[in-house]
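Peer 1: how does the following fold in three dimensions:
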Amino acid sequence: MKNLPLGIQNFRDIIAGDYVYEDKTKYVYDLINTAKYYFLSRPRRFGKSLLLDTVAEAFSGDRELFKGLWIHDSDYDWPKHPVIRLDMSNIANETPEILKESLLDELNAQSEREGIVISSKQTASVLKRLIESLQGKYSQRAVVLIDEYDKPILDHITDPEKAEANRKVLSTFYGILKSMDPYLRFTMITGVSKFSKTSVFSQLNNLTDISMERAYAGVCGIPVESLDELFGAHIQSLRDVKWLSAVECLKSEILRWYDGYSWDGETKLLNPFSLLSFFRRKEFSAFWYATGSPRFLLDLIKKQPEAYMGGRSFEITESMLDSVEIARITLEPLLFQAGYLTVKEIVPDADVITYRLDIPNFEVRLAFNTHVLSELADTNDVRAGQMRRNVMKALDDGDLQGMLEIMRAFFASIPYELRGKDEAHYHVIFYTFMSVLGFDMDMEVSVTKGRIDAVLERGDKVYVMEFKYRHCLPGTSDEEKKALSDKALGEAMAQIKGKGYADKYQSSGKVVYEAAFVFLGGGDIEMESRRT
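Peer 2: Numbering: from 1, shown residues only. Next comes the predicted model:
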């Protein structure tokens, strides 16, 4: 049984240590022999760094290192080229000045290791001189590999002024690469986001973006079809683990938690970090999510709650991924690029490629929704287990009043300063509340005459829900609250009936409930329901 390369991003160490390795060398061969400048966007901890290290080793000329892998027996001629590696996650970026200094320190360190002395204090000039000097020293063109190119921007995405200042530094720095074309054999740049690619690389405009190319859909990640071959022995070894022995189909549960990523709607990939962590820890948990708090995403959700509501399933065009204005970046592209959404289907269209996105797996759904709910409600104690059982019993019994009491207690715990002042804010809280409890809801469901706020199907029952919000200041009397809620409930129930929201479910053979919820700004919830 091979070792698990958890946290190891060095190709040579993986091969020498007899670690599990998904052979990506066919992709490496194609990259080296197809074009010269590449860009790749993938979520964090998804194998970008290992891919770049594999490319670096291929350019080292050590063919025997690749024995047993696809590229070893190919017609690749194994030339040796000098390689410049930059990992921007290790470059300090608190200010543009610090970013420049840290870049300069790293370039000077690489120059010194090569015995090259460069006196310039300009980062772009040092990179230029280093490339030229390496070509002269080795009589071979250089290879430049840059990982996490966008981290100095993403670290400050909620501070547009600072993010823009760092973008300008990076644009000047990366821009020198185009003028180095005669000295470069190969260049590859990776990161999380595509949105800043166009503006950051405005001078380096000859990059081949393979992020959404079908041919490279599987360039990072573990393919579903490789699970048994690579990890079959590890899965078998878990059969005797007490807390996993009760799982009816362990492989299916692994897929439910960690599978589902795709960049073409067809190639299905597992999250490598989560999968390896599961086998190491021998328990299911949100490993990938726990490795980094998506602060910038949570801040954007607060600003754009309606976009998060659409995050369960919506369509996006590739042009939306290349938005160049940092100050106006929208939530949907970032959720996708950061790994919280994935391509479920490519929608055919003669004019533009459209991607239908959805949450990839249970790990992401549970962990991210828990974090969003905790952020919006200012609580780390969602008590999901007990609440899930109580809500489940209420729904199974058709007892919406019982469900309302559970929700009422939770919403009342939200501090006043965190209570939103629009309907979308409460949509987000309701959706995340139910998702954290494990309920799979359909939001914004289109029907002939409108759009249903939420539909929940459970067993032989269907719940059709409409939400309303009414602003309500602290100190509002109970009589005023009741008048507000009664009027809003009446409007919501009339809307459900008048627009025939429940009609599409009447022929399902299930019991259909219509329910109207009113959220009052003071933290109260009222509900009216009827069985059709």
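Peer 1: contacts, neighbours, all on C-alpha from now
Peer 2: OK.
Peer 1: how many neighbouring residues does residue 392 have?
Peer 2: 18 (other CA atoms under 10 Å).
Peer 1: now do residue 276
Peer 2: 18.
Peer 1: quick one: contacts for it?
Peer 2: With contact set as CA atoms under 8 Å, 6 or more residues apart in numbering, residue 276 has these partners: 4-6.
Peer 1: just the strands in the stretch 251-400 of the chain please.
Peer 2: When secondary structure is read from DSSP state E, counting those that start in this stretch, the stretch 251-400 of the chain shows strands at 269-270, 313-317, 342-347, 354-358.
Peer 1: point out the most buried one among those.
Peer 2: Comparing the strands of the stretch 251-400 of the chain by mean neighbour count (mean count of other CA atoms under 10 Å), strand 269-270 comes out on top with a mean of 26.
Peer 1: re earlier: residue 441 is nearest to which of the strands of the stretch 251-400 of the chain?
Peer 2: Taking CA to CA as the criterion, residue 441 comes closest to strand 313-317 out of those, the separation being 11.2 Å.
Peer 1: contacts for that closest one?
Peer 2: Around strand 313-317, the neighbours that count as contacts under CA under 8 Å, 6+ apart are 333, 352-359.
Peer 1: parallel or antiparallel, which strands does it pair with?
Peer 2: strand 354-358 (antiparallel) (DSSP bridges).
Peer 1: ok and the strand it pairs with relative to strand 342-347, angle-wise?
Peer 2: Interaxial angle, strand 354-358 versus strand 342-347 (axes from the mean of the first three to the mean of the last three CA atoms, to 10 degrees): 140 degrees.
Peer 1: renumber starting at 44 from here on
Peer 2: Will do, 44 is the new start, and the previous item becomes strand 397-401.
Peer 1: contacting residues around strand 397-401?
Peer 2: Outside strand 397-401, the residues that touch it by CA under 8 Å, 6+ apart are 354-361, 379, 384-391.
Peer 1: any idea how far it is from the middle of the chain?
Peer 2: The chain centre lies 13 Å from the centre of strand 397-401; the measure is CA atoms, centre = their mean, to the nearest Å.
Peer 1: I'd like the average pLDDT over that strand.
Peer 2: Averaged across strand 397-401, pLDDT comes to 90.
Peer 1: circling back to that earlier point, with distance to residue 91 added, can I get the contacts of strand 356-360 in TSV?
Peer 2: Putting the contacts of strand 356-360 into TSV (distance: CA to CA, whole Å) gives the following:
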residue	distance to residue 91
376	19
395	28
396	25
397	25
398	22
399	24
400	22
401	22
402	21
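Peer 1: returning to what we had before: for residue 570, which of the strands of the stretch 294-443 of the chain is the nearest?
Peer 2: strand 356-360 (26.7 Å).
Peer 1: just the mean pLDDT for that closest one, thanks.
Peer 2: Here the mean pLDDT over strand 356-360 is 77, rounded to a whole number.
Peer 1: repeat that for stretch 275-285.
Peer 2: 89.
Peer 1: pull out the buried residues from it.
Peer 2: Neighbour counts over stretch 275-285 (16 or more other CA atoms under 10 Å) mark 277-278, 281 as buried.
Peer 1: what's the closest of those to residue 125?
Peer 2: The nearest member of those to residue 125, counting by CA to CA, is residue 277 at 38.4 Å.
Peer 1: picking that back up, next, format the buried residues of stretch 275-285 as JSON lines and append secondary structure and distance to residue 516.
Peer 2: Compiled in JSON lines, the buried residues of stretch 275-285 are given as follows (DSSP: H, G, I helix; E, B strand; the rest coil; distance: CA to CA, whole Å):
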{"residue": "277", "secondary structure": "helix", "distance to residue 516": "58"}
{"residue": "278", "secondary structure": "helix", "distance to residue 516": "56"}
{"residue": "281", "secondary structure": "helix", "distance to residue 516": "55"}
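Peer 1: residue 80: which of these is nearest?
Peer 2: The closest of the buried residues of stretch 275-285 to residue 80 turns out to be residue 277 (CA to CA; 38.4 Å).
Peer 1: shouldn't that closest one be in contact with residue 46?
Peer 2: No - if you go by CA atoms under 8 Å, residue 277 and residue 46 don't touch, sitting 9.6 Å apart.
Peer 1: and the contacts of the strand or helix carrying residue 556?
Peer 2: Assigning secondary structure by DSSP states H and E places residue 556 in strand 554-563. With CA under 8 Å, 6+ apart as the test, strand 554-563 has contacts from 466, 469, 503-515, 524, 528, 531-532, 535-536, 539, 545, 548-549, 568-575.
Peer 1: now do the contacts for residue 384.
Peer 2: By CA under 8 Å, 6+ apart, residue 384 lies in contact with 354, 378, 400-403.
Peer 1: for residue 138, see how far away it is.
Peer 2: Separation of residue 384 from residue 138 (CA to CA, to the nearest Å) stands at 31 Å.
Peer 1: please apply the same query to residue 248.
Peer 2: When CA to CA is the yardstick, residue 248 and residue 138 sit 26 Å from each other.
Peer 1: quick one: contacts of stretch 77-97?
Peer 2: With contacts defined as CA under 8 Å, 6+ apart, stretch 77-97 is touched by 52-54, 67-68, 71, 188, 190, 228-237, 249-254, 263-264, 314-316, 331, 380-382.
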